[in-house]
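S.K.: Here is the input, now give the coordinates:
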Amino acid sequence: MFLKAISIGDAVPHADFDAAVHSVFRSAVNLSPAKESNLLTLVTSSEADLPQGIRVDTPEDFSFESGALRAGEPAACRDELLRFGPLTIDLRGARRWKCDLPSLQADLTDPSVATAWQSVWDALNARQVQLNAEIIAEDLFRSDETIRAGAAMRGLLDATRRTDPAAPASVRPLIGLGSGLTPSGDDLLVGYLAGLWCAVRNSRERTQFVTGLGETVIRLSHLTNAISRTYLTHAARGQVSSRLADLAEAICRGENSDRLLAAAESAMQVGHTSGM
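M.R.: Residues are numbered from 1 along each chain as shown. Here you go, the predicted structure:
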């Protein structure tokens with residue numbers, strides 16, 4: 001089956017590469033490159049752009065799971081044609097995608113930004129309660145996972161306020177904490193790192209702090225699974241999915257409630273078992 005790529009994340013190699021199928025889901029396939037520790041992710045057209053992603057122009061009812069793909073199958077990209085199993089993905093002409101969180105220059109002293117942030121915070125907590133999530137943002141003491149996360153986050157928040165180089169010590173308990181393909185502790189860190197990158201505001205001190213924190217996250221990312229490690233690594237470098245980047249932009253621009261909540265809903269729809 002021949003399919004065209006719509007967009008390609010900035011972390012996808014520009015040159016030829018070899019890989020193997022890592023995991024297969026309905027709307028995503030993860031590839032493990034031969035010379036890289038982070039995965040590449042192919043997604044259907046309705047999904048978000050990803051730093052490591054290739055978004056493919058797929059039919060509405062398309063599923064990667066119906067393509068007889070198996071973990072371990074070889075994949076190869078030659079001359080911008082990516083082949084694995086029965087699929088050939090044409091990368092030629094696809095646009096390169098990269099988010100720019102620092103350009104948002106988040107300012108929570110702006111009343112419209114603070115209001116937008118609070119609206120999303122409330123929506124997030126309501127969704128977490130509805131889904132009986134392992135970690136509920138406003139209640140970090142409800143279960144074993146949240147007790148551990150709460151202690152780690154208090155240390156991380158305190159160190160962040162002081163841009164204290166000791167902050168990385170608070171990161172380790174969060175990595176790999178929880179169940180699923182993207183454990184809750186990892187999700188928490190991805191969001192936290194995204195927020196920090198949004199708020200560097202051309203400050204050398206802030207940039208050095210989040211860069212150092214990111215380096216520690218990358219160094220410890222072996223403590224979680226390969227899928228989650230990939231997202232942590234990119235978030236540590238200021239790169240997140242287009243849905244999370246769109247939500248960050250809506251907050252930082254102090255958007256009205258309709259667009260803001262639509263962006264929040266889109267970001268929260270990414271499931272823990274989607275492979276993304």
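S.K.: what does the helix or strand Thr207 falls within rub up against?
M.R.: Element membership for Thr207, per DSSP states H and E: helix 204-220. With CB atoms under 8 Å, 6 or more residues apart in numbering as the test, helix 204-220 has contacts from 102, 160, 163, 165, 167-168, 171-172, 175, 189, 193, 196-197, 199-200, 232-233, 235-238. Heads up, the C-betas are built off the backbone N, CA and C, glycines and all.
S.K.: Please list only the buried members of those.
M.R.: With neighbours counted using 16 or more other CB atoms under 10 Å, the contacts of helix 204-220 contain these buried positions: 102, 160, 167-168, 171, 175, 189, 193, 196-197, 199-200, 232-233, 235-238.
S.K.: So which of those residues belong to helices?
M.R.: Among those, the members falling in helices (DSSP state H) are Thr160, Leu189, Leu193, Leu196, Trp197, Leu232, Thr233, Ala235, Ala236.
S.K.: where exactly do the helices run in the protein?
M.R.: Going by DSSP H, the chain shows helices at 111-130, 144-161, 184-198, 204-220, 226-236, 242-252, 257-268.
S.K.: what's the closest of these to Leu81?
M.R.: Closest to Leu81 of those, according to CB to CB: helix 226-236, at 23.3 Å.
S.K.: What is that closest one packed up against?
M.R.: Judged by 3 or more CB pairs under 8 Å, 6 or more residues apart in numbering; DSSP states H and E, the packing partners of helix 226-236 are strand 17-24, strand 28-33, helix 184-198, helix 204-220.
S.K.: Need the CA coordinates for the helix holding Thr207. PDB is fine.
M.R.: The C-alpha trace of helix 204-220 is given here as PDB (Å, rounded to 0.1, in the frame of the first residue of the first chain):
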ATOM      1  CA  ARG A 204      19.800  33.200  30.400                       C
ATOM      2  CA  GLU A 205      19.300  31.900  34.000                       C
ATOM      3  CA  ARG A 206      16.000  30.300  33.200                       C
ATOM      4  CA  THR A 207      17.300  28.800  30.000                       C
ATOM      5  CA  GLN A 208      20.300  27.300  31.800                       C
ATOM      6  CA  PHE A 209      18.000  25.900  34.500                       C
ATOM      7  CA  VAL A 210      15.600  24.100  32.100                       C
ATOM      8  CA  THR A 211      18.500  23.000  29.900                       C
ATOM      9  CA  GLY A 212      20.200  21.400  32.900                       C
ATOM     10  CA  LEU A 213      16.900  19.800  34.100                       C
ATOM     11  CA  GLY A 214      16.400  18.500  30.600                       C
ATOM     12  CA  GLU A 215      19.800  16.900  30.500                       C
ATOM     13  CA  THR A 216      19.100  15.100  33.700                       C
ATOM     14  CA  VAL A 217      15.700  13.800  32.400                       C
ATOM     15  CA  ILE A 218      17.400  12.500  29.300                       C
ATOM     16  CA  ARG A 219      20.200  10.800  31.400                       C
ATOM     17  CA  LEU A 220      17.500   9.100  33.600                       C
END
